[in-house]
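Engineer: okay, here's the prediction I keep looking at, along with the sequence it came from:
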Amino acid sequence: KQSFVRGHPQFLDALSAYLSQCYGGAPVAAETLLAIGGASAGILAALQAFCRPGDYAVVEGPTYYLAYGILKDVGIQTLLEVPMETDGMDMQALERHLEEHPGKIKAVYTIPVHHNPTGATLSAAKRQKLVQLARDHKFMIISDEAYQLVHFGESPCRPLFYDDDPGDPRVLSIGSFSKVIGPGMKAGWIQAHSPLLDRLTGIGHFQSGGNPVTYTTAMLIGLLTSGDLEEHRRFVNQELSTKCRLLCAKLRDVGLEVQEPSGGYFVWVRSQGRLTGRSGDSCTIHADRFQDSMRLCFAWLTPAQIIEGVEWLRPTSP
């Protein structure tokens, strides 16, 4: 049980080779990987390992609305929000929170690649700044990279792990298969330096039951090594790219301004009256901040459904 606590060794080897291919040849050592039951399980494990009840955490605004429940489940009582900009989170706002609450902020939850819901990707300068702030203020970066492999063209950047300092590691890069295989495939990984992985495997359910996805991930070894997963991922990304372009074109056609994402599942757009999709007020801790915004998911809709949905948004004549 303990020998497999980070995951099935053959799976970790296959995963490291596959991710290195996806990341343009960047080295991915199996020793920096932990098999986990998907992105949500990874977020929960990270919070359990590095946070305590009463700690403060920072989130982006807007952000993935279901992350709030995971943060609260581990006793995070105070959530602070930083605005999103076109190149990722507002670092000046983050610095202000850190200065106003010295020593209390223990985690920053971020979606640095193909952000849910805005589609933004954190710039290189901001990635470096975020990691430096984490070292200076002693907080962990919980990097939700569920959409890292869902991109339309060349991959925009490597996981945030590659900006971390192995001498004082602060980054937990959390990946998932569910966005390219299917929502029922609750398997993924955390990429982090070994001292952080040791903390993760030291939490109670790992110590008691070993790695919870050893069997599930063992079934993926052939998919990873045969080339079938990469072939499928390329197909999925092409289909998603086509749907995304269609959605953005139709939104412009009905008079809405949109910033077209380069990956992920979502388009974030301000309404002109009518709303569809998910209202933006669920994606923030400030309920009145994004009431006129919509998170539109194009992933599961047919082209006909996308066209029908956007037509409903077309302003009616007075």
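Structural biologist: Thanks, I have the structure now.

Engineer: if I read this right, residue 78 contacts residue 56, doesn't it?
Structural biologist: Yes - here residue 78 reaches residue 56: they are 4.5 Å apart, a contact under C-beta atoms under 8 Å. All C-beta spots, glycine's among them, are computed from the backbone N, C-alpha and C.

Engineer: give me the common contacts of the two.
Structural biologist: Residues touching both residue 78 and residue 56 by C-beta atoms under 8 Å, 6 or more residues apart in numbering: residue 104.

Engineer: these two: which is more packed in?
Structural biologist: Remark: of residue 78 and residue 56, residue 56 carries more neighbours, 19 against 12, as counted by other C-beta atoms under 10 Å.

Engineer: what's near enough to touch that one?
Structural biologist: Applying C-beta under 8 Å, 6+ apart to residue 56 gives the contacts 76, 78, 79, 80, 101, 104, 105, 106.

Engineer: what is the burial count for residue 234?
Structural biologist: 11.

Engineer: and it, what element?
Structural biologist: Taking DSSP states H and E as the criterion, residue 234 maps to helix 228-253.

Engineer: which residues sit in contact with the closest residue to residue 299 other than its chain neighbours?
Structural biologist: Excluding its sequence neighbours, the residue lying closest to residue 299 (C-beta to C-beta, 6 or more residues apart in numbering) is residue 265, at 4.3 Å. Residues near residue 265 by C-beta under 8 Å, 6+ apart: 116, 147, 150, 179, 240, 297, 298, 299.

Engineer: now swap in residue 222 and tell me
Structural biologist: The neighbours of residue 222, taking C-beta under 8 Å, 6+ apart as the test, are residue 228.

Engineer: my read is it is in a helix, agree?
Structural biologist: Yes - with DSSP: H, G, I helix; E, B strand; the rest coil as the criterion, residue 222 is part of a helix.

Engineer: for it, give me the pLDDT.
Structural biologist: Looking at residue 222, its pLDDT is 97.

Engineer: please apply the same query to residue 236.
Structural biologist: 97.

Engineer: residues in contact with it?
Structural biologist: 150, 180.

Engineer: look up how far residue 302 lies from it.
Structural biologist: Relative to residue 302, residue 236 is positioned 15 Å away (C-beta to C-beta, to the nearest Å).

Engineer: same check on residue 77?
Structural biologist: 43 Å.

Engineer: try residue 165
Structural biologist: Relative to residue 302, and taking C-beta to C-beta, residue 165 is found at 46 Å.

Engineer: more neighbours: the two, which one.
Structural biologist: Neighbours per residue (other C-beta under 10 Å) separate residue 165 from residue 302, with residue 165 holding more: 13 against 9.

Engineer: can you tell me the element the more buried one falls in?
Structural biologist: Per DSSP H and E, there is no helix or strand for residue 165.

Engineer: which residues touch it?
Structural biologist: Residue 165 neighbours (C-beta under 8 Å, 6+ apart): 131, 135.

Engineer: mind checking pLDDT for it?
Structural biologist: If you check residue 165, the pLDDT there is 96.

Engineer: count of neighbours near the residue nearest to residue 63 when sequence neighbours are not counted?
Structural biologist: Nearest residue to residue 63, sequence neighbours excluded (C-beta to C-beta, 6+ apart): residue 283, at 6.0 Å. Residues contacting residue 283 under the criterion other C-beta under 10 Å number 26.

Engineer: how about the helices in the stretch 51-200 of the chain?
Structural biologist: 67-73, 91-100, 124-137, 194-201 (DSSP state H, counting those that start in this stretch).

Engineer: what comes into contact with the last one?
Structural biologist: For helix 194-201, the external contacting residues (C-beta under 8 Å, 6+ apart) are 5-6, 31-32, 34, 45-46, 49-50, 169, 172, 190, 192, 206-207, 211.

Engineer: run the last query once more with 6 Å
Structural biologist: Outside of helix 194-201, the residues within contact range by C-beta atoms under 6 Å, 6 or more residues apart in numbering are 5, 34, 45, 49, 169.

Engineer: of those, which belong to strands?
Structural biologist: residue 34 (DSSP state E).

Engineer: and the contacts of helix 194-201, which are buried?
Structural biologist: Buried members of these, scored by 16 or more other C-beta atoms under 10 Å, are 5, 34, 45, 49, 169.

Engineer: give me the buried entries from the contacts of residue 265.
Structural biologist: Among the contacts of residue 265, the ones that count as buried by 16+ other C-beta under 10 Å are 116, 147, 150, 179, 240, 297, 298.

Engineer: tell me the contacts of the residue lying closest to residue 127 once chain neighbours are set aside?
Structural biologist: Counting by C-beta to C-beta, 6+ apart, residue 127 lies nearest to residue 163, which is 4.8 Å off, once chain neighbours are set aside. Residues counted as contacts of residue 163 (C-beta under 6 Å, 6+ apart) are 127, 128, 131.
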